[in-house]
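Asks: Provided below are the primary sequence and the corresponding predicted coordinates.
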Amino acid sequence: MQTNKVALFEGKTIRRVWDEKAEKWHFSVVDVIQVLTGQIDYQKARKYWNKLRERLGKEGSESVTNCHRLKLMASDGKYYATDTADVETLFRLIQSIPSPKAEPFKLWLARVGYERIEEINDPEKSINRARENWKRFGRSEKWIQQRMMGQETRNKLTDYWKGHGVEKQNEYAILTNVIHKEWSDLTVKEHKNLKKLETENLRDHMTEAELIFTALAEFSARQISASEDSRGLDENKATGKEGGHVAKKARIDLEQRTGTKIVSGDNYKIKEKKSKFLNK
């Protein structure tokens, strides 16, 4: 079983997959290259990797053959086969990328690998680290509490799907998108575009109100699905939409009462950059 997650290096998102069988992380190679080269454009970083992979392949480097294509979530919320590498392979690849961030990144890689082993033995450490990271990036205690409550609601929903015939990762993304579009009138990708996000996690840049309505939509979807014993993708799409509609009605009522839109283009990028500067 593999678990998709993201990690942050200097405020930049690195997608990764935890392989429970092998007990190690596999990181997106292109995400790492973006960080080391300072390249903002994902496609340009991808071209950089293609050229590097070709050169290393001609040199007979094992680093290329040790990279594996695993499914990672892209900015559109869907999962695509992506070149990944474990920590050992990444250490070798980094030697081929001239970057002043190479050494700090190596230290970060070593720490991330060790933290995962700690978290397996003591899950509470994972929760505490998440809280500390959000605090470091300027989130309020109230926001953090709502973010964590929303994640618990999300986990219960995905547990329900998992036990009721929804198994593929892309199906999770489809169902999430159905619920999100119904309550917010935007797909996940459209909401990220509104907030000017790229590889960042949308929920980490939601306002408190957006987190609340997302949680309401997902809670309602789970309750309705459970009451109807929804199974498989199609049935859960129907009940997911119903759950999203519950939150949509509440959103519209509140917007009409207050005159303030719930879905916002606000993000925390500026605060994160400021926090990063102050914490140096």
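Replies: Cool, got the structure. Residues are numbered from 1 along each chain as shown.

Asks: need the helices for the stretch 151-280 of the chain, in chain order.
Replies: Using DSSP state H, counting those that start in this stretch, the helices found in the stretch 151-280 of the chain span residues 169-184, 188-194, 208-228, 232-258, 269-278.

Asks: Of the ones you listed, which is nearest Val112?
Replies: helix 269-278 (17.5 Å; C-beta to C-beta). C-beta coordinates here come from the backbone N, C-alpha and C atoms, glycine included.

Asks: average model confidence for the closest one?
Replies: In this model, helix 269-278 has an average pLDDT of 55.

Asks: again with stretch 183-202
Replies: For stretch 183-202, mean pLDDT rounds to 91.

Asks: Likewise for stretch 61-80?
Replies: 84.

Asks: Buried residues in it, which are they?
Replies: Buried positions in stretch 61-80, judged by neighbour count with 16 or more other C-beta atoms under 10 Å: Ser61, Ser63, Val64, Cys67, His68, Leu70, Lys71, Leu72, Met73, Ser75, Gly77, Tyr79.

Asks: State the number of residues packed around the closest residue in space to Phe91 that isn't next to it in sequence.
Replies: Nearest in space to Phe91, with sequence neighbours left out and distances taken as C-beta to C-beta, 6 or more residues apart in numbering, is Lys106 at 6.4 Å. Residues lying near Lys106 (other C-beta atoms under 10 Å) number 15.

Asks: gap between Lys106 and Leu90?
Replies: 9 Å (C-beta to C-beta, to the nearest Å).

Asks: Contacts for stretch 90-105, please.
Replies: Identification of contacts with stretch 90-105 by C-beta atoms under 8 Å, 6 or more residues apart in numbering yields 9-10, 27, 29, 32-33, 35-38, 52, 56, 61-63, 85, 106, 109.

Asks: 6 Å instead, please
Replies: Leu36, Ser63 (C-beta atoms under 6 Å, 6 or more residues apart in numbering).
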